[in-house]
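Enquirer: Please work out how this folds:
(one chain, ligands or ions: 1)
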Amino acid sequence: MPVPTDTTRRYRILFVCLGNICRSPAAEGIMLHLLQERGLSRCVEVDSAGTYAGHAGELPDARMRAHAARRGYLLEHRSRPVTDDDFDRFDLIIGMDDNNIDRLRRMAPDVEAMAKIHRMTDYARHYVHDHVPDPYYSGAEGFELVLTILEDACEGLLDTLYPRK
Ligand code: 4NP
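Expert: Predicted coordinates:
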């Protein structure tokens, strides 16, 4: 796994996609839910951002909010672009696809920052995908697939950081 395990550590995680209205706010909502379930809310800070600022200030896409709500996730994040400060503030910066990861790598100020960038699907254990597909122009099944991949990957990520006995 790309992240060392240390059960005493606290982490700050930033999820990143393109618009920050579909995939990354869903990852944030799923991770917040998991942290609460496992009593780890005080150990991990979670946020999300986009490489494209065109939706800044908006709530997540209504379709994503509806699909997420059916699985019990409330998505209340307001879209914001990734900033240079994020590379200082966060320990893990997790991109959803090649495009997001390339953009993040180009923004990273140094090698330390570069090492914080990871791929969401590398943490998935049950569903094999090399990226989280952009659902924006898809139908309902695209949003469901995103949520299924993200649930798997969020569990895998949390188990990597805080292994269950
Ligand atoms: P996201 O989805 O990157 O998962 O938030 C998208 C949101 C907006 C657009 C594309 C993808 N857009 O083209 O505006």
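Enquirer: Model confidence for residue 28, exactly?
Expert: Listed pLDDT for residue 28 reads 98.
Enquirer: before we move on, what SS does it have?
Expert: helix (DSSP: H, G, I helix; E, B strand; the rest coil).
Enquirer: Please name the spatially closest residue to it (chain neighbours excluded).
Expert: Closest residue in space to residue 28, ignoring its immediate chain neighbours: residue 48 at 4.2 Å, by CB to CB, 6 or more residues apart in numbering. To be clear about C-beta, it is placed using only N, CA and C from the backbone, and glycine gets the same treatment.
Enquirer: for the one you found, helix, strand, or coil?
Expert: strand.
Enquirer: show me what contacts it?
Expert: Contacts for residue 48 (CB atoms under 8 Å, 6 or more residues apart in numbering) come out as 14, 15, 16, 17, 20, 24, 25, 27, 28, 77.
Enquirer: On the three-state scheme, the second one is what?
Expert: Put plainly, it is residue 15. Quick answer, by three-state DSSP: residue 15 is strand.
Enquirer: quick one: contacts for residue 134?
Expert: Contacts of residue 134 (CB under 8 Å, 6+ apart): 17, 18, 22, 23, 96, 97.
Enquirer: Which of those residues ranks first by neighbour count?
Expert: Tallying neighbours with other CB atoms under 10 Å puts residue 23 at the head of the contacts of residue 134, with 34 neighbours.
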